[in-house]
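[1] Build the 3D model from these lines:
(one chain, ligands or ions: 1)
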Amino acid sequence: MPAAIEVNGVSHVYVNGQGAYPALADINLRVAAGEFVSIIGPSGCGKTTILSLISGLLSPAVGEVRVLGEPVLRPTPKVGYMLQQDYLFPWRTIEENVTLGLELLGLQGEQSGRYVRELLDEMGLGAFRQAFPQQLSGGMRQRAALVRTLAAQPGILLLDEPFSALDYQTRLQLEDLIVTTLKARGKTAVLVTHDISEAIAMSDRIIVLQPRPGRVLAEVIVPEPIRTALPLEAREKAGFHELFHTLWQLFEQLDKKGGG
Ligand SMILES: Nc1ncnc2c1ncn2[C@@H]1O[C@H](COP(=O)(O)OP(=O)(O)OP(=O)(O)O)[C@@H](O)[C@H]1O
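    Numbers count the residues shown, from 1 in each chain. Next up is the predicted model:
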């Protein structure tokens, strides 16, 4: 079976009016179906660029990206992308917002409508289907954004710092909800975050990038019993603090090298 995501020997260079900026160099990644992988690293090390390449928003200068065995040539509904900002349209109700992607893809129907309503209920938004985004809290809005991302039933989810605009408590609740929802449906996920503890608590595996240009510095499999626990309780499990310390030290080394 092919990996859900394969990044093979990818380098990427941004070219603009000021010249060429090498953002990624020789990145090789494999994400298995159903796996939850986090990418962490200092600002500017190329985390978002990797997600843009997997989603087909960018094409690599060198190398190849494959999703479910197929080369990525453009964005596809098989890959959902969730961002830090929810980008809900203020003039549309929550239900109209979360079905927007289905509308654009011409996938509206009885079955997809039922699926979306089921997801809204699961996210505690069943009573807010007819509400407008400004009537919802930040956490509720991000849950609506998650429903919108899941509505077209992508097998793969790319999550680019989806919690960073939220308060700490809401963030922890949403971490649990996302892991529960994605694992229950066998989704593959790649999370980009600055938060080491979030990466450990949510992931099966963590990839640490170093900057200028972005390269893989380390790869860590999150051990049991942390891996199978939900994020909130994972933070209490044996080995969590040791792993946090190991990753923290890697970040400190990068800082000393002037990588941050
Ligand atoms: N359109 C662009 N043109 C030129 N350089 C870019 C462009 N987009 C990103 N870069 C540069 O490429 C590098 C990688 O950017 P990227 O956004 O992928 O990093 P990141 O690790 O996600 O950063 P952050 O953690 O700050 O979000 C950065 O140095 C950034 O300044």
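
[2] I39 is in contact with K47, correct?
    Yes - K47 lies in contact with I39 (Cβ atoms under 8 Å); the separation is 4.9 Å. All C-beta spots, glycine's among them, are computed from the backbone N, C-alpha and C.

[3] tell me, what's touching the two both at once?
    Jointly contacting K47 and I39 under the rule Cβ atoms under 8 Å, 6 or more residues apart in numbering are 192, 209.

[4] quick one, strands of the stretch 101-250 of the chain?
    Taking DSSP state E, counting those that start in this stretch to define them, one finds strands in the stretch 101-250 of the chain at 156-160, 188-192, 205-210, 215-221.

[5] need the ones you listed in CSV with mean pLDDT, mean neighbour count and distance to L102, can you?
    Formatted as CSV, those follow (pLDDT from 0 to 100; neighbours: other Cβ atoms under 10 Å; distance: least, Cβ to Cβ, whole Å):
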stretch, mean pLDDT, mean neighbour count, distance to L102
strand 156-160, 96, 23, 16
strand 188-192, 97, 25, 21
strand 205-210, 96, 22, 31
strand 215-221, 95, 15, 36
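
[6] Can you lay out these as a markdown table showing distance to E242?
    Formatted as a markdown table, the strands of the stretch 101-250 of the chain follow (distance: least, Cβ to Cβ, whole Å):
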| stretch | distance to E242 |
| --- | --- |
| strand 156-160 | 25 |
| strand 188-192 | 21 |
| strand 205-210 | 14 |
| strand 215-221 | 11 |
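
[7] could I get those strands as a markdown table with distance to the ligand?
    Listed next are the strands of the stretch 101-250 of the chain as a markdown table, based on distance: least, Cβ to the nearest ligand atom, whole Å:
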| stretch | distance to the ligand |
| --- | --- |
| strand 156-160 | 8 |
| strand 188-192 | 6 |
| strand 205-210 | 7 |
| strand 215-221 | 12 |
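
[8] ok, which residues in the protein are in contact with the ligand?
    14, 16, 21, 23, 41, 43-49 (Cβ under 6 Å from any ligand atom).

[9] for this structure, where's the lowest mean pLDDT among helices and strands?
    helix 100-105 (a mean of 84; mean pLDDT, DSSP states H and E).

[10] looking only at pLDDT, what's the mean for the helix or strand hosting P22?
    Using DSSP states H and E, P22 maps to strand 19-31. Computed over strand 19-31, the mean pLDDT rounds to 94.
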